[in-house]
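Student: Next comes the sequence, and after it the predicted model I'd like to discuss.
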Amino acid sequence: MMKISLRRGLFVSAVGVMALGLTACGSTSGNNSSASNTGNTSHSSGSQKTMTFRLADDQPATYPTVKGDEAFAKEVSQKTNGRIKIKVYPNAQLGAENSVIQQIQLGAIDFGRINAAPLADFDKKLGVLELPYLFKSTKQEWDVYNGKVGSDLLNSLTTAKMVGLTFYDSGQRNFYNSKHAVKTPAQLKGLKIRVQKSNMMVDLVNTLGGNATPMAYSEVFNALQSGVIDGAENNIPSYYTTNHYKVAKYLTLDHHTATPEILLASQKTWNKLSPADQKIVRQAAQDSQKVERTAWNALVQKALKAIKANGNVITNVDSATWQKAVQPLYKKYGSSYSSIIQQIKNTN
């Protein structure tokens, strides 16, 4: 809906990966095939078969999602007495996110932590999570993710040969600018706001009264510093780590989007597991969410401490006012999600 799939060309590359023998991960001792050149092995101990799987993440080893990945892998190993091992590969060691999705579909990679936005190209229901001001509060957001709506969204990934296991936090995006405090949409009027190259994001800023300015992320700091743009939008840790907080001191906590991360498995890998092992893996994934969210909150608090120490002006808003202002976007982008949106509204 909101994104144009650019990944067809990657399919050939992913098939090439298969041909080179990178799909041996997760094989059991009943197979005669050799282990892949990534070091994945399997063997049996009596009647117990040992399986080693790979999990891809494109973030650094200290990032909250990777901490969640590691907690997931640790619990799976503990609950299976070391019979199922999951090795986490951070820093995009197994490829960029788009390539990893293709490899997971093919079974060349067993597990992955992927943002819901690119996954929406493969499962269109997930596109609902990119709509602005979708949730009334953080509590409602996570009640949705961990309730029936979230479960249905995770289960729908099976149509794309993937198994959704749990949601991870990737923060809420907020506006910030170098001109003045913004509490209402009217105060955003006329401000040149950098956005991603996304039709929905351009329409969001323009609908709120700002002037959307698509721009490469690497150019934002200099553009803010020189006045080419007045502001941008991102989650709080990114606002801090990019030093944007030093050149755009007015932060508006409007939480316009909160597209989550998803921990998922390849359907091919999932089918290798017994029902009992599937239950262990799914529960470990759900348990790891708490670890990831705790780590994410710690990162947010660290960023806020530095932002406040810098003297920045942080403004809270009435979310209902902003939600009302973007209703035209729901007519344009949300019509195919009306049932899911209503279920979200009914979640208190």
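Tutor: Yes, it's here.
Student: what about Thr321, neighbour count?
Tutor: Here the neighbour count serves as a burial measure; for Thr321 (other Cβ atoms under 10 Å) it reads 14. Using the backbone N, CA and C atoms, a C-beta is placed for each residue, glycine as well.
Student: ok, now Ile229?
Tutor: Applying other Cβ under 10 Å, we find 23 residues neighbouring Ile229.
Student: Report the contact partners of it.
Tutor: Contacts here follow Cβ atoms under 8 Å, 6 or more residues apart in numbering; on that basis Ile229 touches Lys192, Ile193, Arg194, Thr213, Met215, Val220, Ala223.
Student: For beta bridges, what are the partners of the fourth one?
Tutor: Counting by DSSP bridges, Thr213 forms beta bridges with Arg194.
Student: Give me the neighbour count for it.
Tutor: For Thr213, the neighbour count with other Cβ under 10 Å is 19.
Student: And the second one, by the same measure?
Tutor: For Ile193, the number of neighbouring residues by other Cβ under 10 Å comes to 24.
Student: One more: the fifth one?
Tutor: A total of 18 residues lie near Met215 under the criterion other Cβ under 10 Å.
Student: mind listing what it touches?
Tutor: Arg194, Val195, Ala223, Ile229.
Student: Go through the residues you listed and say which is closest to Trp142.
Tutor: Taking Cβ to Cβ as the measure, Trp142 sits nearest to Val195 out of these, at 25.9 Å.
Student: out of everything not next to it in sequence, what's closest to that closest one?
Tutor: Nearest-residue entry for Val195: Met201, 4.1 Å, with adjacent residues in sequence omitted and distances by Cβ to Cβ, 6 or more residues apart in numbering.
Student: what's the helix or strand where that neighbour lies packed up against?
Tutor: Following DSSP states H and E, the helix or strand that holds Met201 is helix 199-207. Counting contacts by 3 or more Cβ pairs under 8 Å, 6 or more residues apart in numbering; DSSP states H and E, the secondary-structure elements packed against helix 199-207 are strand 192-195, strand 211-214, helix 327-333.
Student: Could you list the buried residues of that helix?
Tutor: Buried positions in helix 199-207, judged by neighbour count with 16 or more other Cβ atoms under 10 Å: Met200, Met201, Val202, Asp203, Leu204, Val205, Thr207.
Student: residues in contact with it?
Tutor: When contacts are defined by Cβ under 8 Å, 6+ apart, helix 199-207 is touched by residues 2, 130-132, 188, 193, 195, 211-212, 214, 233, 256, 325-326, 328-329, 332-333.
Student: All the helices of this structure, residue numbers only.
Tutor: Counting by DSSP state H, the chain has these helices, from start to end: 8-19, 64-79, 97-106, 116-119, 138-145, 148-155, 199-207, 220-226, 236-241, 267-270, 275-309, 319-325, 327-333, 338-345.
Student: for those, which one sits closest to Lys87?
Tutor: Among the helices of the chain, the nearest to Lys87 by Cβ to Cβ is helix 64-79 (7.2 Å).
Student: Which elements pack onto that closest one?
Tutor: When contacts are defined as 3+ Cβ pairs under 8 Å, 6+ apart, helix 64-79 sits against strand 48-56, strand 84-89, strand 111-115, strand 162-168, strand 261-266, helix 275-309.
Student: wait, which of these is closest to Lys67?
Tutor: Using Cβ to Cβ as the criterion, the shortest distance between Lys67 and the helices and strands packed on helix 64-79 is 4.6 Å, found for helix 275-309.
Student: Give me the mean pLDDT for the closest one.
Tutor: When pLDDT is averaged over helix 275-309, the result is 98.
Student: how about it: buried residues?
Tutor: Counting neighbours by 16+ other Cβ under 10 Å, the buried set in helix 275-309 is 277, 280-282, 284-286, 288-289, 291-293, 295-296, 299-300, 303-304, 307.
Student: Many thanks, I have nothing further to ask.
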